[in-house]
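Participant: Okay, here's the prediction I keep looking at, along with the sequence it came from:
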Amino acid sequence: MAPLIQLKHVTKVYQSGEEKLFALDNIELEVEPNAFVAVMGASGSGKSTLMNIIGALDRPTDGEYYLDGVAVQSLNDRRLSELRNRKIGFVFQAFNLLPRYTAVQNVEVPLIYAGVGARARRKLAIEALEKLGLGHRLKHRPTELSGGQQQRVAIARAIVTRPVVLLADEPTGAVDSETTQQILGLIEQLHRDGMTIVLVTHEAEVGARAHRMVRLSDGRIVSDTRKEPGRPAAE
Ligand SMILES: Nc1ncnc2c1ncn2[C@@H]1O[C@H](COP(=O)(O)OP(=O)(O)OP(=O)(O)O)[C@@H](O)[C@H]1O
Ligand SMILES: [Mg+2]
């Protein structure tokens, strides 16, 4: 199967004064359609840097990145944001909801960028929130929602455009264990529905729910293991 995500010799260097920091150092990674990958590694190992590049939020210093056959590094900023809007859904640890907007308005944001009309937008946003069990919280603002509810609004916002890839950077990092289970259940459901999932976590039990585990250390991939059906991924 042709890879959906293909990184070739991807390097990201941050320069501070004389010093060069290789946040990513020659990454080779292929992710096939409908994969469910966990990215693990110590703090500072490059996980978020990798996610930001896969999500076209950031560009590598060196190397090539193909998303669904498109050479991402050759796109200008406008095409890059179009690609991001069309193909990628993001979920972050800190929810990143707009505080003055209601749940439904938050979920509508990516549809505004996609040029969807007001009425269709509202309908799609409500459907996404209902799917995540938040049909009774449409008009609530983030401060009026629990952490788990806020994260579900963030997931609704990430999937409302029907992206091919869901990138989740520590989506359960700021919620309790019950909410963690709920969010993982939702992510597994999206995976069953055909979405490709890349999930960053530092929690072994969360990583074990994925079907493949990529481990980073100092900007390099140090292990890449696939799980046998029905077994937790080997470390
Ligand atoms: N904008 C930046 N400028 C300079 N250095 C950066 C920048 N962003 C990240 N770094 C450095 O790059 C390295 C990788 O950072 P990254 O955020 O990818 O780590 P991480 O694995 O996501 O860590 P955490 O688990 O703490 O979120 C770190 O050493 C970090 O200090
Ligand atoms: Mg990070």
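Facilitator: Thanks, I have it. Ligands and ions are numbered 1, 2, ... in the order given.

Participant: From the contact counts, what lies against the longest helix anywhere in the chain?
Facilitator: Here the longest helix in the chain is taken by residue count, with DSSP state H as the criterion, and it is helix 177-192. Packing partners of helix 177-192 (3 or more C-beta pairs under 8 Å, 6 or more residues apart in numbering; DSSP states H and E): helix 147-159, strand 165-169, strand 196-200. Where C-beta positions appear, they are placed from N, C-alpha and C, glycine not excepted.

Participant: What angle do helix 177-192 and the first one make with each other?
Facilitator: Spelled out, that is helix 147-159. Helix 147-159 runs at 20 degrees relative to helix 177-192, counting by axes from the mean of the first three to the mean of the last three C-alpha atoms, to 10 degrees.

Participant: List the strands paired with the helix or strand containing Met213, with their directions.
Facilitator: Assigned by DSSP states H and E, Met213 belongs to strand 212-217. Note on strand 212-217: by DSSP bridges, its sheet partners are strand 36-41 (parallel), strand 220-226 (antiparallel).

Participant: one step back: redo the helices and strands packed on helix 177-192 as JSON lines? Include mean pLDDT and distance to Leu216.
Facilitator: JSON lines is the format used below for the helices and strands packed on helix 177-192 (pLDDT from 0 to 100; distance: least, C-beta to C-beta, whole Å):
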{"stretch": "helix 147-159", "mean pLDDT": "93", "distance to Leu216": "23"}
{"stretch": "strand 165-169", "mean pLDDT": "96", "distance to Leu216": "13"}
{"stretch": "strand 196-200", "mean pLDDT": "97", "distance to Leu216": "9"}
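
Participant: Turn the ones you listed into TSV, including mean neighbour count and distance to Glu130.
Facilitator: Converted to TSV, those look like this (neighbours: other C-beta atoms under 10 Å; distance: least, C-beta to C-beta, whole Å):
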stretch	mean neighbour count	distance to Glu130
helix 147-159	24	9
strand 165-169	24	18
strand 196-200	24	21
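
Participant: These into CSV, with extra columns for distance to Gly69?
Facilitator: As requested, the helices and strands packed on helix 177-192 are exported to CSV (distance: least, C-beta to C-beta, whole Å):
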stretch, distance to Gly69
helix 147-159, 22
strand 165-169, 13
strand 196-200, 14
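
Participant: export these to CSV and tack on distance to ligand 2?
Facilitator: Putting the helices and strands packed on helix 177-192 into CSV (distance: least, C-beta to the ion, whole Å) gives the following:
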stretch, distance to ligand 2
helix 147-159, 16
strand 165-169, 6
strand 196-200, 6
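
Participant: one step back: tell me if the strand holding Met213 is near ligand 1.
Facilitator: No - Strand 212-217 does not reach ligand 1 (C-beta under 6 Å from any ligand atom); its nearest approach is 6.6 Å.

Participant: buried sites along that strand?
Facilitator: Arg212, Met213, Val214, Arg215, Leu216 (16 or more other C-beta atoms under 10 Å).

Participant: so how many other residues sit close to the residue in the chain positioned nearest to ligand 2?
Facilitator: As assessed by C-beta to the ion, ligand 2 sits closest to Ser48 within the chain, at 3.1 Å. By other C-beta atoms under 10 Å, 19 other residues sit near Ser48.
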